[in-house]
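1. Predicted model and sequence below, questions to follow.
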Amino acid sequence: MPNNLPPLAVTGATGALGGMVARLLGDAGIPVRLLARHTARIPQQPDTPTFAVSYADREHAERALRGTQTLFMVSAAENPYRAQDQRTFVDAAVDAGVEHIVYTSFMGAAENDVFTLGRDHWDTEQYIKERGLAYTFLRDAFYQDILPSFVGRDGVISGPAADGRFAPVARTDVARAAARILADPVPHAHRTYTLTGPQSLSMAEVAEILSRVTGERITYYAESLDEAVESRLAAGATQWQAVAWATSYAAIATGEMDRVSDDVAELTGVAPESFEDYLRSEGKSSP
């Protein structure tokens, strides 16, 4: 493999976040190599090398990462083996001589996080530290763009969030923050950032905003945790999927997500986008 490849690598290049970061870096004239499970789906960028990589395949990942100094590691898709697969990928990064990993984690990640998938993020954070790498952790709040998908066919958002609050963030704001860090990573080494939107909202308020913007009647129904798990199992989810989904709401109910951070503005110089502004801008750009 040639040794003149870019020293910056971005994973998840076919995904929403990784793709945004790759485009921002390309627009800024920063050389980058792009990694994804399927290279045919990576958007073409001039003079940009691409590699097909699975987090679970240490040998191929190590080859793709040789010569990389800084790695933007987008967390893998949710699955029962994510924590182990991500450890394998971190091992590959160490084998390849990577010096610094910028990892997309989740707000409130902890060993005993109420949100079960938050425990995966905590495990990956700890493993990156254990392997002796410089790190930057981006602990993102829930993405604004997923919230409309929470609305059922009956116009109801159902989940055990009670009256808890959270500050959803625009994925574009996370991408801009990540691109700024990757352009000059050294000052951000051994830092953890919490990336949120500008407003803390309850699920009932999310429903109100969706109603106002779409013109449709959308409401929120506060399920119990057991009720939420059972409803997802009945809809065909596996046990781990149902529990993960339900506990994502339960983490809101506990209050652990009720925080508005200034980190997006401090990293990018621009205030983060509100949920309502995001919805309206998406509506304008839709055909």
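-> Okay, I see it.

2. Secondary structure class of the spatially most central residue of the chain, three-state.
-> The centroid of the chain falls nearest to residue 104 when counting by C-alpha atoms, centre = their mean (5.3 Å). With DSSP: H, G, I helix; E, B strand; the rest coil as the basis, residue 104 sits in strand.

3. same check, this time on the one 10 residues further on
-> Under the three-state scheme (three-state DSSP), residue 114 adopts coil.

4. Need phi/psi at the nearest residue to it once chain neighbours are set aside.
-> Nearest residue to residue 114, sequence neighbours excluded (C-beta to C-beta, 6 or more residues apart in numbering): residue 251, at 4.5 Å. Every residue, glycine included, has its C-beta placed from N, CA and C. Backbone torsions for residue 251, taken as degrees, to the nearest 10, come to phi -60, psi -30.

5. Name the residues of stretch 255-275 that are buried.
-> Judged by neighbour count using 16 or more other C-beta atoms under 10 Å, the buried positions of stretch 255-275 are 256, 257, 261, 263, 264, 267, 268, 272, 273, 274, 275.

6. Stretch 132-143 too?
-> For stretch 132-143, the neighbour count (16+ other C-beta under 10 Å) marks 133, 134, 135, 136, 137, 138, 139, 140, 141, 142, 143 as buried.

7. who's the third one bridged to?
-> Which is residue 135. Legend: beta-bridge partners of residue 135 under DSSP bridges are residue 101.

8. quick one: terminal-to-terminal distance for stretch 96-113?
-> In stretch 96-113, first residue to last residue: 32 Å (C-alpha to C-alpha, to the nearest Å).

9. I should have written stretch 68-86 there, sorry.
-> With C-alpha to C-alpha as the measure, stretch 68-86 spans 17 Å from end to end.

10. Helices of the protein, start to end?
-> Secondary structure of the chain (DSSP state H): helices located at 16-27, 58-65, 82-96, 116-130, 171-183, 203-214, 225-234, 239-254, 263-268, 275-285.

11. what about these, which gets the closest to residue 193?
-> helix 263-268 (4.3 Å; C-beta to C-beta).

12. which secondary structure elements does the closest one contact?
-> Contacts defined by 3 or more C-beta pairs under 8 Å, 6 or more residues apart in numbering; DSSP states H and E place helix 263-268 against helix 171-183, strand 191-195.

13. the inter-axis angle of the first one versus strand 100-106?
-> It refers to helix 171-183. Following axes from the mean of the first three to the mean of the last three C-alpha atoms, to 10 degrees, one obtains 160 degrees for the angle between helix 171-183 and strand 100-106.

14. ok, now how distant is residue 210 from residue 274?
-> Residue 210 sits 13 Å away from residue 274, taking C-beta to C-beta, to the nearest Å as the criterion.

15. Flag the least confident of the buried residues of stretch 255-275.
-> Lowest pLDDT within the buried residues of stretch 255-275 is found at residue 256 (93).
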